[in-house]
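> Sequence and predicted structure, then a few things I'm wondering about:
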Amino acid sequence: MKILGICGSLRKASLNMAALRACAELTPQGMTLEVASIADLPIFNQDVLDAGMPEPVKRLRGEIVAADGLLIASPEYNFSIPAPLKNAIDWASRPPNQAFQDKPIAIFSVTPGPVGGARVQYDLRRVLGQLWGHVLPRPEVFIGNAASKFDANGRIVDETTRKFLTDLLAGFKDWVVRMQPKK
Ligand SMILES: Cc1cc2nc3c(=O)[nH]c(=O)nc-3n(C[C@H](O)[C@H](O)[C@H](O)COP(=O)(O)O)c2cc1C
């Protein structure tokens, strides 16, 4: 089972990226995780698309389509989806063959504040749901007060956080199997 990770933050020291990378070591047996890059996507512009899909967009769409599921880790920006992530979703959502159709998706969020990104997750569910992505309903994982949960190298130092992510990945594995089209 091949899972593609997508991070909503582009910054080098991103806590969300650190958590996403840590997930690669917490996956259940049979699941692998690779992290996509969305930093090189141009800002969506229909004129650019009409002139030919840019290579980084082609690459990302191919990676999403090839994956058995997506794991999205994102901060919350102004109570909603950070621009780089929304931009990636917009590029991948364009027909034909929009990339989120029937795709199992799990979401978690990491923020330095106490709320843990609850609002961005509900916006992501709304956006991805209308693209017929199948977003795992539970467990929900909001990692708030994140500064105390990662060390300077971005490693998880909090056992509860590690357990939340491990449980999310285990639940996601079942979800990916459950969402497979019936033969
Ligand atoms: C433009 C902007 C808006 C933000 N708005 C919120 C917000 O609404 N809620 C929140 O919890 N944190 C907010 N933050 C703080 C981010 O959660 C914080 O920068 C977080 O560490 C970013 O994630 P990263 O470590 O993965 O880069 C905002 C940060 C930026 C740059």
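The structure has been received and is ready for your questions.

> going forward, measure contacts between C-alpha atoms and count neighbours the same way
OK.

> Which other helices and strands does the helix ranked longest in the chain contact?
Scanning the chain for the longest helix, with DSSP state H as the assignment, gives helix 159-178. When contacts are defined as 3 or more C-alpha pairs under 8 Å, 6 or more residues apart in numbering; DSSP states H and E, helix 159-178 packs onto helix 15-23, strand 104-110, strand 141-143.

> any chance of those in JSON lines, with mean pLDDT, mean neighbour count and distance to the ligand too?
Rendered in JSON lines, the data for these read as follows (pLDDT from 0 to 100; neighbours: other C-alpha atoms under 10 Å; distance: least, C-alpha to the nearest ligand atom, whole Å):
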{"stretch": "helix 15-23", "mean pLDDT": "96", "mean neighbour count": "23", "distance to the ligand": "4"}
{"stretch": "strand 104-110", "mean pLDDT": "98", "mean neighbour count": "27", "distance to the ligand": "6"}
{"stretch": "strand 141-143", "mean pLDDT": "96", "mean neighbour count": "23", "distance to the ligand": "10"}
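
> Columns distance to Ile72 on top of the ones you listed, output as a markdown table?
What follows is the helices and strands packed on helix 159-178, written out as a markdown table (distance: least, C-alpha to C-alpha, whole Å):
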| stretch | distance to Ile72 |
| --- | --- |
| helix 15-23 | 8 |
| strand 104-110 | 5 |
| strand 141-143 | 11 |
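
> re earlier: would you mind listing the buried residues in the longest helix of the chain?
When neighbours are counted by 16 or more other C-alpha atoms under 10 Å, the buried residues of helix 159-178 are found to be 161-162, 164-173, 175-176.

> cool, stretch 27-39 as well?
27-28, 31, 33-35, 38.

> That one: end-to-end distance?
The first and final residues of stretch 27-39 sit 25 Å from each other (C-alpha to C-alpha, to the nearest Å).

> Other residues contacting it?
By C-alpha atoms under 8 Å, 6 or more residues apart in numbering, the residues outside stretch 27-39 that reach it are 1-7, 10, 20-21, 23-24, 60, 63, 84-85, 88, 166, 169-170, 173.

> can we see that at 6 Å?
Counting by C-alpha atoms under 6 Å, 6 or more residues apart in numbering, stretch 27-39 makes contact with 1-6, 24, 169-170, all of which sit outside it.

> per-residue confidence averaged over it?
Averaging pLDDT along stretch 27-39 yields 98.

> check contacts around Glu25.
Listed by C-alpha under 6 Å, 6+ apart, the contact set of Glu25 is empty.

> CA atoms only for the longest helix of the chain, dumped as PDB, please.
Output in PDB follows, covering the C-alpha atoms of helix 159-178 (Å, rounded to 0.1, in the frame of the first residue of the first chain):
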ATOM      1  CA  GLU A 159       4.700   9.600  23.300                       C
ATOM      2  CA  THR A 160       1.000  10.700  23.100                       C
ATOM      3  CA  THR A 161       1.700  12.400  19.800                       C
ATOM      4  CA  ARG A 162       3.500   9.300  18.500                       C
ATOM      5  CA  LYS A 163       0.500   7.200  19.500                       C
ATOM      6  CA  PHE A 164      -2.100   9.500  17.900                       C
ATOM      7  CA  LEU A 165      -0.100   9.300  14.600                       C
ATOM      8  CA  THR A 166       0.400   5.500  14.900                       C
ATOM      9  CA  ASP A 167      -3.400   5.100  15.500                       C
ATOM     10  CA  LEU A 168      -4.200   7.400  12.600                       C
ATOM     11  CA  LEU A 169      -2.000   5.400  10.200                       C
ATOM     12  CA  ALA A 170      -3.500   2.000  11.400                       C
ATOM     13  CA  GLY A 171      -7.000   3.400  10.900                       C
ATOM     14  CA  PHE A 172      -6.000   4.700   7.500                       C
ATOM     15  CA  LYS A 173      -4.800   1.300   6.400                       C
ATOM     16  CA  ASP A 174      -8.200  -0.200   7.100                       C
ATOM     17  CA  TRP A 175      -9.900   2.800   5.400                       C
ATOM     18  CA  VAL A 176      -7.800   2.400   2.200                       C
ATOM     19  CA  VAL A 177      -8.800  -1.300   2.000                       C
ATOM     20  CA  ARG A 178     -12.400  -0.400   2.700                       C
END
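
> Cool, thanks, talk later.
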